[in-house]
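Asks: Mind looking at a prediction? Sequence and model below.
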Amino acid sequence: MKIVVIGANGNVGSRVVDAALAAGTEVVAYVRRPETVTAKPGLTVTAGDATDVAALTAAARGAQAVVVSITGSMRDATFMQRTLPAVIDAVQRAQAGRLVLVSVFGAGDTLEKASGFA
């Protein structure tokens, strides 16, 4: 099995990577800054931006799942609205099996900033 983790160097994404590798899954870490990801067996690090449809399509080809674990700045209320359409397009073009969006927004110290309508 192969998965792509967008935001693999973040708090949640890095844990998804570790759990997937421990389960024997091949993982592609898709990150803007590849130097922030520690090399590990079974892990391929690919540099790219989540809005780069061509690069993400190439990274997601052959993947059974793409995990989105990115967030914008707390001051950027439209980050996901602007980013997710490109991610969805790339996942569809790559014919990846699933798209999984994970977030901890609204937990811990972000609870007060989360809208009940988000």
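Replies: Great, that's in hand. As the structure is a computational prediction, the values presented were derived from the model and not from experiment. Numbers count the residues shown, from 1 in each chain.

Asks: Tell me the buried residues in the longest helix along the chain?
Replies: Ranked by residue count and defined by DSSP state H, the top helix of the chain is helix 79-94. Of all the residues in helix 79-94, those buried under the rule 16 or more other Cβ atoms under 10 Å are 80, 83-84, 86-87, 90-91, 94. (Glycine included, C-beta is placed from N, CA and C.)

Asks: Any chance of those in JSON lines with distance to residue 65 and pLDDT as columns?
Replies: Below are the buried residues of helix 79-94 laid out as JSON lines (distance: Cβ to Cβ, whole Å; pLDDT from 0 to 100):
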{"residue": "80", "distance to residue 65": "19", "pLDDT": "88"}
{"residue": "83", "distance to residue 65": "18", "pLDDT": "96"}
{"residue": "84", "distance to residue 65": "16", "pLDDT": "96"}
{"residue": "86", "distance to residue 65": "18", "pLDDT": "98"}
{"residue": "87", "distance to residue 65": "13", "pLDDT": "98"}
{"residue": "90", "distance to residue 65": "13", "pLDDT": "98"}
{"residue": "91", "distance to residue 65": "9", "pLDDT": "98"}
{"residue": "94", "distance to residue 65": "11", "pLDDT": "98"}
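
Asks: Quick check: the two most widely separated of these?
Replies: Maximum pairwise distance among the buried residues of helix 79-94 (Cβ to Cβ): 20.0 Å, between 80 and 94.
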